[in-house]
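Undergrad: A structural model of the following input is requested.
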Amino acid sequence: MRIKFLCGMLIVLFLMGTLPVMAGEKQPSGAGQRSEEASKKCWERTWKTSEALVGRSTLPVCVAFEKVLNATCESPAELSCNWSLPPGESKFKKLNWQPLDWKTHWDLIGDINKAGVREDLREDLWKKEEAEKRVLFEKGRRSLAITSVDIDQDGTDEMVVRHDLQPCKERPGSMFAVIKPEDERVDWRYDNLFISVNANEGSEILLYDGKAYMFGWVRAWEILMVYKGFSMPGGSSHGYVNICQYRYLKRER
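TA: Numbering: from 1, shown residues only. Reported below is the predicted structural model:
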């Protein structure tokens, strides 16, 4: 009876796929390689358990950027300033930013600092901070740059300005805004598009297959997000949607 019982249990375990590998037996082909590859990963996409979001996280840009993150293996601290691309990368490209003279664009700087602030509080807040901000620019601790890119993916390029804190490694931070070509002041229709990006510690805009996406390291949640801009019908307002999310797998020293 005991022999029959043991034989029966072995058959059940075999059918369930839980029969342990005996000493000296070879593991399935590729098992060791997969384990080694997993240990080398620095970042991974999340949102894999939510049906509502899994469709976003498997978009080509999300899958491709996971490969970039694991090719460069940069930590969140490095991403705050660098956002480098691996050698030979062809899908992702950096934008060509041109320096902008802050002295002739002081009203624009005021607009950028008011962005994201409740409209009825903007002017009073800027009056309190204006003198301090000017000193920071005079000391070279702030900078402006401009480029042309279709930030909302509606087929028309916008003039996008970035406002950077310098030096980045000391206190990372970048703010973006769309400006109107006629007067080079902030176009407030795009204010909501940059809310999350401007609040992140470490932000960037990159092209993927010629389309612009916004990237940001969210320190509070310890995740990296990718945002896609969009335009409402008629261009009356603009916003963004989160399409990718990644978490860092290695502890920072």
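Undergrad: in what helix or strand does the most centrally placed residue in the chain lie?
TA: Centroid-nearest residue in the chain: Phe215, 2.4 Å away (criterion: Cα atoms, centre = their mean). Element membership for Phe215 (DSSP states H and E) is strand 211-218.
Undergrad: right, and the helix or strand after that strand?
TA: Next along the chain from strand 211-218, counting by DSSP H and E, comes strand 223-231.
Undergrad: would you mark the buried spots in that following strand?
TA: Ile223, Leu224, Met225, Val226, Tyr227, Lys228, Gly229, Ser231 (16 or more other Cβ atoms under 10 Å). C-beta: built from backbone N, CA, C; applies to glycine.
Undergrad: farthest-apart pair in those residues, please.
TA: Distance extremes for the buried residues of strand 223-231: the farthest pair is Ile223 and Ser231 at 26.2 Å, using Cβ to Cβ.
Undergrad: can you give me the helices in the stretch 1-150 of the chain?
TA: 2-16, 31-40, 51-57, 60-72, 76-79, 106-114, 122-138 (DSSP state H, counting those that start in this stretch).
Undergrad: scratch that, the stretch 151-253 of the chain is what I was asking about
TA: So, for the stretch 151-253 of the chain - with DSSP H, counting those that start in this stretch - the helices run 195-199.
Undergrad: quick one: the strands in it?
TA: 158-165, 174-179, 203-208, 211-218, 223-231, 238-248 (DSSP state E, counting those that start in this stretch).
Undergrad: put together CSV for those, with distance to Val117 on each row.
TA: Formatted as CSV, these follow (distance: least, Cβ to Cβ, whole Å):
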stretch, distance to Val117
strand 158-165, 14
strand 174-179, 12
strand 203-208, 18
strand 211-218, 19
strand 223-231, 20
strand 238-248, 18
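Undergrad: format these as TSV; extra columns: distance to Cys81 and mean pLDDT.
TA: Listed next are these as TSV, based on distance: least, Cβ to Cβ, whole Å; pLDDT from 0 to 100:
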stretch	distance to Cys81	mean pLDDT
strand 158-165	9	95
strand 174-179	9	94
strand 203-208	10	96
strand 211-218	10	94
strand 223-231	14	93
strand 238-248	16	93
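Undergrad: between the buried residues of strand 223-231, which is closest to Val241?
TA: Nearest to Val241 among those, counting by Cβ to Cβ, is Lys228 at 5.5 Å.
Undergrad: the closest one touches Ile151, doesn't it?
TA: No: if you go by Cβ atoms under 8 Å, Lys228 and Ile151 don't touch, sitting 10.0 Å apart.
Undergrad: which neighbours do those two share?
TA: Residues touching both Lys228 and Ile151 (Cβ atoms under 8 Å, 6 or more residues apart in numbering): Met214.
Undergrad: residue ranges with poor pLDDT in this protein?
TA: 1-39, 48-55, 57, 172, 251-253 (pLDDT under 70).
Undergrad: packing partners for the strand holding Phe215?
TA: Judged by 3 or more Cβ pairs under 8 Å, 6 or more residues apart in numbering; DSSP states H and E, the packing partners of strand 211-218 are helix 60-72, helix 195-199, strand 203-208, strand 223-231.
Undergrad: if anything else comes up later, I'll come back, but that's it for now.
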